[in-house]
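>>> Sharing a model that was predicted from the sequence below.
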Amino acid sequence: MLHISVQPNLTRSISGFLLGLAGVVSGSAYAQWNPAPNWEDSYSVNGVCYCNSSNYDHGLSAKTAPTPIGELNVVDICTDIKAVLGEGATNGRIPFNDIQCGNGPANDAADEAGCPGRVDIGSAGCDVIGPKWDLVSVYGPWPDGGLNRDAWEVSASNGSGSAQLALDGLASTRWATGVFQSPGQYFDIDFQDALTFDSIVLATTENPEDYPRAYEVYISSNGSDWGVPVVTGAGNGSTTTIELDTVTTRYLRILQTGSSSNRWWSIHEFNIFNSGPIPPEPEYPALDRSDWTVSASVNGAEAEFAIDSSPNTRWDTAQSQRAGQSFEVDLGELNTLAAIELDSAGSANDYPRGYAVYVSNDGSNWGSAIASGAAVSASTTIEFTPVSARFVKIEQTGGDGHYWWSIHNLNIFGEPSDNPQPTIELLDSTPWSLAANRRNSAAGNAIDNNQSTRWTTGQTQRDGQTFEIDLSTVQTFSRIVLDSAASDDDHPRNYELYVSNDGSNWGSPVATGAGDSSGVTVIDFPSVTARYVLIAQAGSDSSHWWSIHELSIYNVQ
């Protein structure tokens with residue numbers, strides 16, 4: 001039995017359009033269906049109509065199709081649109097049942113009409129078009145895509161009677177001039193209303209040599225006055241994509257200005273697209289450099305020149321570039337970082353041949369690089385996922401036997417302005433009182449600003465060990481940092497964080513988790529207002545104590 005259906009009549013994006021025309025790639029693990037922006041036809045894979053087949057296993061779990069919310073499994077789509085027995089718009093019939101064409105018997109006419117989303121072609125019994133499913137009502141509108149062609153009217157200088165075939169959704173049909181290409185041939189579209197778009201796609205899939213040898217595109221508000229072309233160019237193979245500045249118009253003309261002595265001009269499918277406005281580049285706010293301290297692995301005495309705002313001074317390696325050279329910045333406090341700019345414009349060839357960016361909260365434990373790459377010019381902007389840190393290290397990973405590495409000006413930026421930089425306030429620890437249920441007398445070492453001292457349990461980690469802070473007054477805060485980096489592996493294996501206003505009633509934990517193996521554990525949680533903080537050890541480790549060299553509390557807004 002031969003099962004046949006056709007592709008739907010419109011695509012939602014240029015990429016989807018090309019996929020649809022290309023068909024299913026032989027040997028591909030997943031087949032894709034080419035959808036329309038609003039009304040959908042049945043799923044067609046390798047010439048087969050699929051959905052809720054009762055007699056055949058077509059491997060639907062391995063088939064996908066685009067929807068307004070993204071690529072979904074065909075079985076899931078069938079479920080979402082209620083394409084099952086007894087549901088949906090079919091009054092009890094099984095929608096999307098197999099279409100028997102050619103080698104099979106003619107379908108029952110009632111079955112034909114009751115199969116929504118199907119367009120039949122072929123021999124007897126395959127000439128009924130059933131109702132279509134509305135995926136927009138299920139998934140919402142398509143994002144940017146091919147504009148709806150239902151109301152369009154088309155005409156042409158040659159073969160005007162077949163012009164509508166360029167809009168019928170079938171790669172196998174076409175409009176054609178019927179004569180060899182020559183200047184003056186045209187294809188006109190009346191959108192019936194003003195449309196906004198920025199690209200045009202002319203597909204000649206079945207006749208790839210029938211592309212326009214040269215063209216001019218015109219727009220008009222009345223269909224008579226065309227003015228000057230908005231874009232010119234030449235076609236190319238089976239798909240000609242014409243990009244133009246965004247226009248709004250009711251009438252469009254594609255004028256042939258080239259010629260061919262042996263090829264017609266054909267259009268199998270015509271679509272226009274509106275990609276929408278290009279989002280602006282994010283604007284990163286530069287961080288204040290006044291409290292920064294900078295250093296370098298070589299020529300450290302001149303490191304300050306990289307942040308003195310003078311284009312005439314610089315820090316440089318004073319030697320050719322080689323892996324391992326580094327430049328460090330202490331921002332003075334925690335900041336949220338999103339980008340770094342290295343400017344060596346006064347020494348045009350001294351940009352880093354390779355770089356890796358590291359961040360740290362203590363200046364000792366750097367972890368993995370958050371960004372890496374190679375500069376190609378004197379101005380290098382390094383963007384990365386926003387991260388909270390106090391210390392930044394830029395390490396040279398490349399080499400150059402002729403040029404030094406120089407920085408005339410270095411800037412570090414916070415999050416883009418559409419995602420405002422948070423305000424990070426460090427709470428004053430001066431009035432705090434500390435207590436612990438192990439080695440209580442050493443608890444104050446956790447806030448003495450001395451990395452060489454610590455509070456520690458003096459025993460291996462176990463459930464129930466606690467560390468408590470009395471802030472002396474009610475405070476608002478949302479971040480706690482536990483720094484145990486100077487005592488290798490003494491981070492809490494698991495923790496629970498509690499707050500209280502009386503030091504007795506703690507309620508449920510406001511945060512739980514596991515300490516960071518880097519030694520610096522940053523605990524973020526929804527903002528709370530409280531006087532007392534309790535950190536309870538909820539894990540265990542038979543080899544390591546729990547230590548805190550420095551504890552900080554922040555209000556992040």
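Cool, the structure landed.
>>> how about low-confidence regions in the protein?
Per-residue confidence of the chain (counting by pLDDT under 70) places the weak regions at 1-146, 276-283, 417-421.
>>> That one: helices as residue ranges?
With helices called from DSSP state H, the chain shows them at 14-22, 74-80, 109-113, 135-139.
>>> So what sits opposite the nearest residue to T239 once chain neighbours are set aside in the bridge?
The shortest distance from T239 to any residue that is not its chain neighbour, by Cβ to Cβ, 6 or more residues apart in numbering, is 5.4 Å, and that residue is A203. No exception for glycine: its C-beta is placed from N, CA and C like everyone else's. Beta-bridge partners recorded for A203 (DSSP bridges): T239, E269.
>>> D524 too?
Applying DSSP bridges to D524 gives these bridge partners: R479.
>>> Tell me how many other residues surround it.
Applying other Cβ atoms under 10 Å, we find 13 residues neighbouring D524.
>>> and it, what does it touch?
For D524, the contacting residues are 478-479, 511, 556, by Cβ atoms under 8 Å, 6 or more residues apart in numbering.
>>> And L252, by the same measure?
With contacts taken as Cβ under 8 Å, 6+ apart, L252 has the following neighbours: 188-189, 191, 200, 217-220, 272.
>>> Could you tell me which of these belong to strands?
With strands taken from DSSP state E, the overlap with the contacts of L252 comprises 188-189, 191, 200, 217-220, 272.
>>> Closest one of those residues to D502?
Comparing the ones in strands among the contacts of L252 against D502 with Cβ to Cβ places I272 closest, at 67.9 Å.
>>> Now do the same contact list for that closest one.
Contacts of I272 were listed using Cβ under 8 Å, 6+ apart, and they are 146-147, 195, 197, 199-201, 252.
>>> domain assignment for the protein?
The record, using automatic domain parsing to delimit domains, assigns the chain the ranges 2-139, 153-273, 293-421, 433-556.
>>> Turn the ones you listed into CSV, columns for distance to P285.
Supplementary listing: these in CSV, determined by distance: least, Cβ to Cβ, whole Å:
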stretch, distance to P285
domain 2-139, 33
domain 153-273, 30
domain 293-421, 5
domain 433-556, 16
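>>> nearest to L427, of the ones you listed?
If you check each of the domains of the chain against L427 by Cβ to Cβ, domain 433-556 wins as the nearest, at 4.6 Å.
>>> distance between the closest one and the chain's centre?
Averaging C-alpha coordinates over domain 433-556 and over its chain gives two centres that are 37 Å apart (Cα atoms, centre = their mean, to the nearest Å).
>>> likewise stretch 243-257?
Between the centre of stretch 243-257 and the centre of its host chain there is 31 Å, according to Cα atoms, centre = their mean.
>>> Now it: buried residues?
247, 249-257 (16 or more other Cβ atoms under 10 Å).
>>> so which of the ones in strands among the contacts of L252 comes closest to S320?
Sorting these by how near they are to S320, with Cβ to Cβ, puts I200 at the top with 52.9 Å.
>>> ok, back up a step: state the pair within the contacts of D524 that is farthest apart.
Once Cβ to Cβ is applied, the contacts of D524 give A511 and V556 as the farthest pair, at 13.2 Å.
>>> and of the contacts of D524, the nearest to N335?
V556 (11.0 Å).
>>> doesn't T476 make contact with the closest one?
No: assessed by Cβ atoms under 8 Å, V556 is found out of contact with T476, at 10.1 Å.
>>> of these two, who's got more company?
Neighbours were tallied for V556 and for T476 using other Cβ under 10 Å; the higher tally belongs to V556 (16 against 12).
>>> For that one, give me its contacts.
With Cβ under 8 Å, 6+ apart as the criterion, the residues that contact V556 are 422-425, 478-479, 524, 527.
>>> swap in D488?
Contacts of D488 by Cβ under 8 Å, 6+ apart are G519.
>>> any idea how far it is from N365?
In this structure, D488 and N365 are 10 Å apart, going by Cβ to Cβ, to the nearest Å.
>>> Pull up the overlap in contacts between those two.
G519.
>>> Out of the domains of the chain, flag the one nearest L287.
Each of the domains of the chain was checked against L287 via Cβ to Cβ, and the shortest separation belongs to domain 293-421, namely 5.0 Å.
>>> how far out from the middle of the chain is that closest one?
Counting by Cα atoms, centre = their mean, domain 293-421 is centred 27 Å from the centre of its parent chain.
>>> And stretch 228-239, by the same measure?
Per Cα atoms, centre = their mean, the displacement of stretch 228-239 from the mean C-alpha position of its chain is 31 Å.
>>> Now I382. Nearest residue, chain neighbours left out?
Taking Cβ to Cβ, 6+ apart, and ignoring the residues beside it in sequence, I382 has I340 as its nearest neighbour in space, at 4.6 Å.
>>> now swap in I370 and tell me
Leaving aside its sequence neighbours, I370 sits nearest to F384 (Cβ to Cβ, 6+ apart; 5.0 Å).
>>> Give me the neighbour count for that neighbour.
Other residues within reach of F384 by the criterion other Cβ under 10 Å amount to 15.
>>> doesn't A339 make contact with it?
Yes: judged on Cβ under 8 Å, F384 makes contact with A339 at a distance of 7.1 Å.
>>> Return the residues in contact with E415.
284-285, 336, 338, 386, 421-422.
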